[in-house]
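>>> Here's a sequence, model it:
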Amino acid sequence: MAQSGDVVVIGGGIGGLTAAAALHLRGRQVTVLERAPSLEPVGAAISLAPNALRALDVIGLGDEIRDLAAWTGDGGLRTPSGRWLARSSADAAAERFGGPLVLLHRATLIERLAALLPPGAVRTDTAATLADCGDRDRPARVTTADGELEADLVVGADGVRSAVRPALFPAHPGPVYSGFTTWRVVIPVPGADFASHETWGRGRIWGTHPLKDGRVYAYAAAVAPAGGRAADDERAELLRRYGDWHDPIPAVLAAARPEDVLRHDVHHIAEPLPAYHRGRVALVGDAAHAMPPTLGQGGNQAIEDAIVLASCQAPGSAGAAGTPLRDDLPAYTAARLPRTTAIARQAVRVSRLNLMTSRVGTAVRDRAMAALSKAGPALFLRSFDGIADWRPPRPPYASEQTPAGNHPRSARREGRLHRTR
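Predicted coordinates:
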C-alpha cells in the first residue's frame, strides 16, 4: 500500500491549494491530487475582497497578491444605454471594510499558492477517489491509478461536481441549475479606457474590468435553459445579446476571438449539507457550498474555509503526539456552515435581482438602485457588511508582523488606503 503524508487534498484549485499551503505551514505533510494535466486554470479572473486577502495574510501571501492585483471599486452600475444607476468608490470600500477589493487572473493566484508548497507535493494528472472516510480509529483512504493513500485528514476540494461530497453524504441532492449561464473573456483591448462597471438589463448582465497587466476581464450572464450552446460560436452569441449595449462593450466584443470566450452554466447547492465533514474528511469551497457568482464570493469563501480548517490544527504538531486535526473537524463545520449558507442564500437573492426578466420589475429595480446610490455610498456597500469585514480566527496576520514603516509593502497593510494601480 502506497503511504501518503498525513493530509491528502483532492483538487488543486484555489480552495485546495490554499488548504494545502495553510496546513503545510502548520507543520503537516501534504499531498495534493489534481486530475487535470496541469494546475493552470481555465482563463478567467477572480475578485478578492478584504476577507479573502486577510485570510491570505495568514499564510504570508496577502501583500504579494495586493501588489499583483488591480484595485476595483471605482465605477459602478449602469443600464444597457450607458446611464449610471450607481457610482462606487474603491477608497470608500477600503475604508468601510479595512482593505481593498482587488482583481487578478486566477492563474496568478494558483501559481503563487502552489509556490508555497514543497517540491513534489502536487501530483497532476492524478484522478483520486475517496475509498473510506475513516474514523477516530482508522485513517481515511484515497485510491489513485498509482495505488492507495492513507491519510489522517482528507480535504475534498474538487468543486461543484465533487465526487467526495456524495461519498460523504449520499442522500444529499447535490447542486441544482441556477437558471442562468455565464461567459468570460480575458483579452487585450487596444485603446480601452473606461471605468469598471457592471451593467444590468432584463435577464442579462455584463461586467468589464481592467486588470493590472493591461488586459481586460469581461463577463456576462443571461437567463437561459441549462445546456444551451450557440449554433455558431459563443462570441457571435454575445454579439447578438450585447452588441448594442454601451461602450466599451462593443470594443471588447470586437477584440475577442471565438476561442477567447468561455461559457459555463451556473449551478449552486440549494440545500445546505448537514456538515462540512465526516470521519477524517473535510469539504472546502464549491464542494461544500457552491454559490452563484453574483456576490463574487465563491473563491473568497473557499480561501476562508481553508484558513479556518488549518486553524483547527495546533502549530508544529506534525508527526508528534497530541490532538489530531480530525478531532476539531466539528469546530470547522460549526464555524463555516452557518456563514457560508447565509452568503450562498444572499448570492441567490442577488442573482434573482440582477437577472430579473420582468419589464416592470426591472424598471422598479433600476429606480431603487439609483435612489440608493444618491442616499450615499455607505448604503450601497451595506450589502457586503458581515462578508467583506470578516477576519481570520488566528491573528496577527503575516502582513502585520513587521513594525510599521519597515515592511516594504506596508502602505497596503490593513487600514492604509494608497492605490495600487
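>>> The stretch 101-250 of the chain: strands as residue ranges?
101-105, 122-123, 129-132, 140-144, 147-151, 153-156, 176-187, 196-200, 204-210, 216-223 (DSSP state E, counting those that start in this stretch).
>>> Buried deepest among those, which one?
Mean neighbour count (mean count of other CB atoms under 10 Å) peaks for strand 153-156 among those, with a mean of 30. C-beta here means a position set from N, CA and C on the backbone, and glycine is covered the same way.
>>> Against which helices or strands is that strand packed?
Under the contact criterion of 3 or more CB pairs under 8 Å, 6 or more residues apart in numbering; DSSP states H and E, strand 153-156 touches strand 7-10, helix 14-25, strand 140-144, helix 164-168, strand 281-283.
>>> now the third one: how far from the chain's centre is it?
Right, the one you point to is strand 140-144. 27 Å (CA atoms, centre = their mean, to the nearest Å).
>>> Quick one: mean pLDDT for that strand?
Throughout strand 140-144, pLDDT has a mean value of 97.
>>> Tell me the strands beside it, with direction?
Applying DSSP bridges, strand 140-144 is found paired with strand 129-132 (antiparallel), strand 147-151 (antiparallel).
>>> which other residues reach stretch 251-260?
185-192, 208, 216, 218, 233-236, 238-239, 242-243 (CB atoms under 8 Å, 6 or more residues apart in numbering).
>>> mind redoing it with 7 Å?
The contact list for stretch 251-260 (CB atoms under 7 Å, 6 or more residues apart in numbering) reads 185, 187-190, 192, 208, 216, 218, 233-235, 238-239, 242-243.
>>> Of all those, the one with the weakest confidence?
Within these, pLDDT reaches its minimum at residue 192, with 80.
>>> Report the central residue of the protein.
The centroid of the chain falls nearest to residue 299 when counting by CA atoms, centre = their mean (1.0 Å).
>>> which helices and strands sit right next to the host helix or strand of it?
Assigned by DSSP states H and E, residue 299 belongs to helix 298-311. Helix 298-311 is packed against helix 14-25, helix 50-58, helix 286-289, helix 329-354, with contacts defined by 3 or more CB pairs under 7 Å, 6 or more residues apart in numbering; DSSP states H and E.
>>> May I ask you to confirm that residue 222 is in contact with residue 206?
No: with contact defined as CB atoms under 7 Å, residue 222 and residue 206 do not form a contacting pair (9.3 Å).
>>> sorry, back to before: right, so of the helices and strands packed on strand 153-156, which gets closest to residue 77?
Among the helices and strands packed on strand 153-156, the nearest to residue 77 by CB to CB is helix 14-25 (26.7 Å).
>>> following the closest one, which helix or strand shows up next?
strand 30-33.
>>> what residues does that next one touch?
The contact list for strand 30-33, computed with CB under 7 Å, 6+ apart, reads 4-5, 7-10, 12, 16-17, 20, 23-24, 117, 121-123, 126, 128, 144, 149.
>>> From residue 135, how far out is residue 52?
In this view, residue 52 and residue 135 are 33 Å apart by CB to CB, to the nearest Å.
>>> For the two, indicate the residue with more neighbours.
Set residue 52 next to residue 135 and count neighbours by other CB atoms under 10 Å: residue 52 wins out with 30 against 12.
>>> In contact with that one: list those residues for me.
Here residue 52 is in contact with 300, 303-304 (CB under 7 Å, 6+ apart).
>>> Could you save the helices and strands packed on helix 298-311 as TSV and add columns showing distance to residue 64?
As requested, these are arranged in TSV below (distance: least, CB to CB, whole Å):
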stretch	distance to residue 64
helix 14-25	12
helix 50-58	8
helix 286-289	24
helix 329-354	25
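>>> Same list (those helices) but as CSV, adding mean pLDDT.
Converted to CSV, those look like this (pLDDT from 0 to 100):
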stretch, mean pLDDT
helix 14-25, 97
helix 50-58, 97
helix 286-289, 98
helix 329-354, 97
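>>> how close does residue 207 sit to residue 333?
From residue 207 to residue 333 the distance is 33 Å (CB to CB).
>>> Kindly report the same for residue 390.
The value you get for residue 390 to residue 333, if CB to CB is used, is 17 Å.
>>> Same question for residue 251.
47 Å.
>>> same question, residue 117
Residue 117 is 26 Å from residue 333, by CB to CB.
>>> can you check residue 189 too?
44 Å.
>>> What of residue 115?
Counting by CB to CB, the gap from residue 115 to residue 333 is 30 Å.
>>> Please say which of the two ends up with more neighbours.
Using other CB under 10 Å as the criterion, residue 115 and residue 333 rank with residue 333 on top: 19 against 11.
>>> what sits against the nearest residue to residue 266 once chain neighbours are set aside?
Distances taken as CB to CB, 6 or more residues apart in numbering put residue 178 closest to residue 266, at 4.1 Å, once the chain neighbours are dropped. By CB under 7 Å, 6+ apart, the contact list for residue 178 reads 266-268, 292, 351.
>>> Go again with 8 Å.
Residue 178 neighbours (CB under 8 Å, 6+ apart): 265-268, 292, 348, 351.
>>> Among the residues you listed, which lie within helices?
In helices, judged by DSSP state H, the following of those are found: 348, 351.
>>> Farthest pair within the contacts of residue 178?
265 and 348 (15.2 Å).
>>> excluding its backbone neighbours, what's nearest residue 19?
Counting by CB to CB, 6+ apart, residue 306 is the residue found nearest to residue 19 once chain neighbours are left out, at 3.7 Å.
>>> swap in residue 297?
Closest to residue 297 by CB to CB, 6+ apart is residue 343, at 5.6 Å.
>>> Give me the pLDDT for the residue nearest to residue 172 when sequence neighbours are not counted.
Leaving aside its sequence neighbours, residue 172 sits nearest to residue 273 (CB to CB, 6+ apart; 6.0 Å). pLDDT, residue 273: 98.
>>> ok, residue 273 - contacts?
Taking CB under 8 Å, 6+ apart, one finds 165, 169, 172, 283, 288-289, 337 in contact with residue 273.
>>> any idea how far the residue nearest to residue 300 when sequence neighbours are not counted lies from residue 298?
With CB to CB, 6+ apart as the criterion, residue 300 has its nearest non-adjacent residue at 3.9 Å, and that residue is residue 52. Between residue 52 and residue 298 the distance is 10 Å, computed by CB to CB.
>>> before we move on, what about residue 200?
From residue 200 over to residue 298 the distance is 20 Å, taken as CB to CB.
>>> What of residue 192?
26 Å.
>>> Please say which of those two ends up with more neighbours.
residue 298 (24 against 17).
>>> Against residue 249, how distant is that one?
With CB to CB as the criterion, residue 298 and residue 249 are 24 Å apart.
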